[in-house]
Structure formats: structure tokens, C-alpha cells
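> my questions are about this predicted structure, shown below with the sequence.
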Amino acid sequence: MQQYRMYIDGRWVESLSGEWFESSNPYTGLPWARIPRGNGADVDCAVAAAARALQDPAWRGLTASGRGELLRRLGDALADRADFLAGIEVRDNGKLYAEMRAQTHYLRQWYYYYGGLADKIEGAVIPTDKAGHFNYTRHEPVGVVAAIIPWNSPLLLASWKLAPALAAGNTVVFKPSEYTSASLLEFARIVERVGFPPGVLNVVTGFGAEVGAPLVEHPQVAKVAFTGSDQTGRQIYQAAARGMKRVTMELGGKSPNIVFADARQDNAVKGVISGIFAASGQTCVAGSRLLVQRAIHDEFVDKLLAFARHARLGDPMSPDTQVGPVTNLPQLEKILGYIDIARAEGADCLLGGGRPDTPGLEQGWFVEPTIFAGVHNRMRIAREEVFGPVLSIIPFEDEEEAVAIANDSPYGLAAGIWTEDLRRALTLPDRLEAGTVWVNTYRTMSYLTPFGGFKQSGLGKESGQDSLREYLKVKSVWLSTTEDVPDPFVIR
Ligand code: NAI
Ligand code: MG
């Protein structure tokens, strides 16, 4: 068993209570690491350290270009450790090594990009209408940022928050998911080696109620950056509101993947598969509702089944594996529960529908790739986020009906459109209530491009230039250039 410590104020510490919890490998079902079980007292230490670091000349006094250089050095250092970090992620979340490796090698780009932006944060000189005045704006760091992340892509989602937060000059206290704490602790070692001053990054491990909640409520926290479920997101938003804190919320989705009769079906099949079975469906952008035009419904569903039936479940470290286990036991039970709900609602299970009986996979937290046809958009299986490899197929007649069904969802994170019709490809994205729309592709993302949901899928943007603004506050400064101050009783 590997034993981890938390990273607070530049030091590696146990929890003040001395308590621990275990982190398990989803493929073996066995614990492999011991993680400190923090609580409000550890949060107090971390937030105090982050607040001190904000005032520390070693951080505050660093020029914007100096901050950028540190971020770029972090990018370089991450690249050297990318394979190692990917292995840790897989041990904790069970996702395919091939995918986690692609992610950890890509991480550096966020640090290069925001490192480059750090010294391009510019205020403005405002042309004032008040005679004898000079007016300008400054873009300042918001302060101590609480960053709370889930288990599906810990380091990627952490970097979406950390890179812009540090570029803007903030300090950060992280709370990783209780299911996947190890990778962020390994990541913190790299941050330490690169030479960020103590307290700029802190990691407190533990459970949502014991670490997350006191972190959000801490009076010295200025902003909460959260990725996770909409239920927890709503609780955090309410707690943040009491303290008038800023938030960015990246919550779940029930994203429609819409296949028209004119689509190139072989491409659409691959897009639909990657949208729902990649990462065993544990992605916020999962294309969990497949909308298929009636004219091609049966033909397309046959092609989809032919492809999905051969998905290879297995060891996530093996390059041959296509579908790994799901990350944790509650998640496994939640997914199986939704499969039961779909059956009870009258949906027609065409593929999967349970745990696999493949020899060798008994101990892992596997769910078969599962496809339901005959789903109506009013069913729970079409409205609620399953976060697993479960696809719901809903037929539609024409474009109008496709848009109506797609938008009839509490969520609005992403949508996919498969069509060869240029007019449709250009006009439909405008009509879909989703923060990201993909046409003839799915799951494409970049550090350059703002990402974030509409409706119950969240608030604010991550990545791209929009994200930097989420970590800055604007101050206006007025200077008088007049010789004499005018009559104090009248504002002119
Ligand atoms: P969660 O949303 O409860 O947890 C996410 C993070 O928030 C974790 O670090 C957790 O410890 C923390 N947290 C929990 N309660 C908190 C509180 N009251 N205050 C502050 N922080 C708190 O997600 P969980 O329990 O891991 O998974 C539950 C469901 O959430 C999944 O079944 C899935 O449907 C969904 N989910 C969605 C994700 C997405 O990216 N859209 C990611 C992970 C889970
Ligand atoms: Mg939870």
C-alpha cells in the first residue's frame, strides 16, 4: 500500500486528525493507497496558507512574465512525468491507459497557453467624460480559489482551473475526489519542484462533506471552481452565494447526438460509440441520447449494434482494451439501477444490460456497454445523467422534432449533429441549447476553446481566453488632474 500525504503551505503533512482512508483500483476492486482524511481544521491551514501566499512578495511581487515563465516550466515538467501520472490515474479511476496517457501528455498545453496569457492581462484607459479626470482599469486576481474536482479526469479538470487561476495571480486550494486523490498529490510534487512559492497551490484530501463543504464556506475563499454532479453543484452554489463568492460550475449533461438520414453512417456510428462508450460513459459530455431520424432508424441501429457488440472489456492498462471498469462501487450500483429503471419504463434493451460474465473481470467494477431503443424523451433514462456506458435511442421525424427533443432537457452541455447537408450543419448549431456543438465529430476539445454548459449544466467557461476572466476582478481607478477640488455638496 502506498501512503500519501497532503500538500499544504509547501509541506507534506498528514491530516491533523491523523485519520486516513483507502483508495481502490477499479480493475481489481482492491485498495492500493492510503490517503489522509482531512477535515475543516486542515482546510483552515490550507486557506490560511493560500491567503498568506497572495500577499507574499515571492508570488505577489512576481512580474506577470515571471508567472508565465513558472507556468511554462510546469508544462515542461509535466511532459516529463506524463506517463507516470497516467498510470496513477488509471490505478484510481480505471479509465484506459491509452486515454489517460493522451490526456496527461496534453496537459502541458494549458500551462503553455495560460503562461503565454499571463502577461497579456491588460486593463484600459477609459476616455472619461468628466473634465479634469483620468480613469483606468486594473484586472486583479480574485484571491484564494477553491477548486473541487471529480474522479473522471482528475488532472485534466484540475489543469483547466489551475492554469488560468495562477496565470491571473491567484492562489489555489484543491480538493480532489475521494475516489481519485493520488494523481493530484503526485502532480503537487511536480509543482513544488518547479519552484512555485509555498501556499500558491495546496491540496487537501478527504470527503465532500468534511473537506469540500468547509472549503466552500471558508470566509477567505473568494471563488469556487467546481466540476461534478449538478446536485452537489447546486449545494455549492448556494453556500457560495451566502459568502457572495464567484463560481464556475461544470456540471453534468444528457447530451443529444443527432443522426440525420443524410449522414455518413459509418462515421456517425463511430461518433456515437465514442460519445457514450469511451471512458465507460463517465464523461460530462457523454452523448447519452442518440436521436436517429426514422427513415434510417433500423438500419443505423443495426450498424451501431454490430460495432458495439465487439467492444473489448478488460484491463485498462492493456492496449487491446476498449472499455474499462467504472470508477467506483457506488457508481456501478447507480448505473445498474438506471438500467433497471429503463427496463421498468418499457425501454427495449438491445445490448448489454448488466455486469459482464467474462472470465477474469469478476473482481472489477465493469458494466457492459448497454443500448436501449424505444426510449421516449420523457423517461428518466432520457432525462437523468447516468454517467455510465448506457445509450438511449430516441427516433425523430424531421429537423423540427430533432431540435425540440434535443432542447427538451434540463441540461445543456453539448450536442452532436451528423449530416452532410451544409445548410443544416450551419443553422442547427444556433438552435441547440448547448455550450458546445459538434458537427460530424464528437468529444473534440482544446485548451484554445471555451468549454462550459448552459441551463443546469453550469455557469462560466473553462479553457480559452474566456476562462481567464473568470479568475480576475476589475477595478476602476479615478485620478483628478484639476488644481482645485470643486464644491463638495454636488456630484458633477
Ligand atoms: P460529486 O459531484 O458529489 O463530487 C464531486 C466533487 O465534489 C468531489 O470532490 C466531492 O468530494 C465534492 N463534494 C461532494 N459534496 C460536496 C459538498 N457538499 N461541498 C463541497 N464539495 C463536495 O460527484 P460524485 O459523488 O463523485 O458522483 C456522483 C455523480 O455525479 C455521478 O454518478 C455522476 O452522475 C456525477 N458526476 C458528474 C461529473 C461530470 O463531470 N459531469 C463528474 C463526476 C460525477
Ligand atoms: Mg457525491
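Perfect, I can see it now. Numbers count the residues shown, from 1 in each chain. Ligands and ions are numbered 1, 2, ... in the order given.

> drop to CA atoms for contacts and neighbour counts, all remaining ones
OK.

> let's see the pLDDT reported for Tyr97.
Looking at Tyr97, its pLDDT stands at 98.

> surely it is in contact with Gly314?
No - using Cα atoms under 8 Å, Tyr97 is not in contact with Gly314, being 11.6 Å away.

> I figured Ile121 hits His139, correct?
Yes - at 6.9 Å, Ile121 counts as touching His139 under the criterion of Cα under 8 Å.

> where does the stretch 251-400 of the chain get nearest to ligand 1, which residue?
Gly252 (3.4 Å; Cα to the nearest ligand atom).

> which residues touch that residue?
228-230, 284-285, 385, 411, 413, 456-458 (Cα atoms under 8 Å, 6 or more residues apart in numbering).

> distance of it relative to Phe226?
For Gly252, the distance to Phe226 equals 11 Å [Cα to Cα, to the nearest Å].

> now name the helix or strand holding Arg34.
Arg34 belongs to strand 30-36 when assigned by DSSP states H and E.

> beyond that strand, next helix or strand please.
Counting by DSSP H and E, what follows strand 30-36 is helix 40-55.

> does that next one reach ligand 1?
No - using Cα under 6 Å from any ligand atom, helix 40-55 stays clear of ligand 1, with a minimum separation of 11.6 Å.

> could you find the closest non-adjacent residue to Ala53?
Gly199 (5.2 Å; Cα to Cα, 6 or more residues apart in numbering).

> could you look up the SS state of the residue of the stretch 251-400 of the chain closest to ligand 1?
coil (DSSP: H, G, I helix; E, B strand; the rest coil).

> if I've got this straight, Ile341 is in a strand?
No - assessed with three-state DSSP, Ile341 is helix; it does not lie in a strand.

> I'd say Val144 and Val172 touch.
Yes - using Cα under 8 Å, Val144 is in contact with Val172, at 5.7 Å.

> now do the shared contacts for the two.
With Cα under 8 Å, 6+ apart, Val144 and Val172 have common neighbours Ala50.

> which one of those two has more residues nearby?
Using other Cα atoms under 10 Å as the criterion, Val144 and Val172 rank with Val172 on top: 31 against 28.

> got the phi and psi for the more buried one?
Val172 adopts backbone torsions of phi -130, psi 140, taken as degrees, to the nearest 10.

> check Tyr136 too.
Backbone torsions for Tyr136, taken as degrees, to the nearest 10, come to phi -140, psi 160.

> same check, this time on Val194
Backbone torsions of Val194, given as degrees, to the nearest 10, read phi -70, psi -20.

> distance check, it against ligand 1.
To ligand 1, Val194 is 26 Å away according to Cα to the nearest ligand atom, to the nearest Å.

> now do the same contact list for that residue.
70, 73-74, 77.

> contact residues of the stretch 101-250 of the chain facing ligand 1?
148-152, 175-178, 207-209, 212-213, 227-229, 232, 236.

> and the buried ones among those residues, selectable in ChimeraX?
Those of those that count as buried under 16 or more other Cα atoms under 10 Å are selected in ChimeraX with:
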select :148,149,150,151,152,175,176,177,178,207,208,212,213,227,228,229,236
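
> give me the three-state assignment for the residue nearest to Glu362 when sequence neighbours are not counted.
Once flanking residues are discounted, Glu362 sits nearest to Pro356: 7.9 Å by Cα to Cα, 6+ apart. Assigned with three-state DSSP, Pro356 falls in the coil class.

> from Asp266, how far out is Pro356?
Pro356 is 27 Å from Asp266, by Cα to Cα.

> no more questions from me, cheers.
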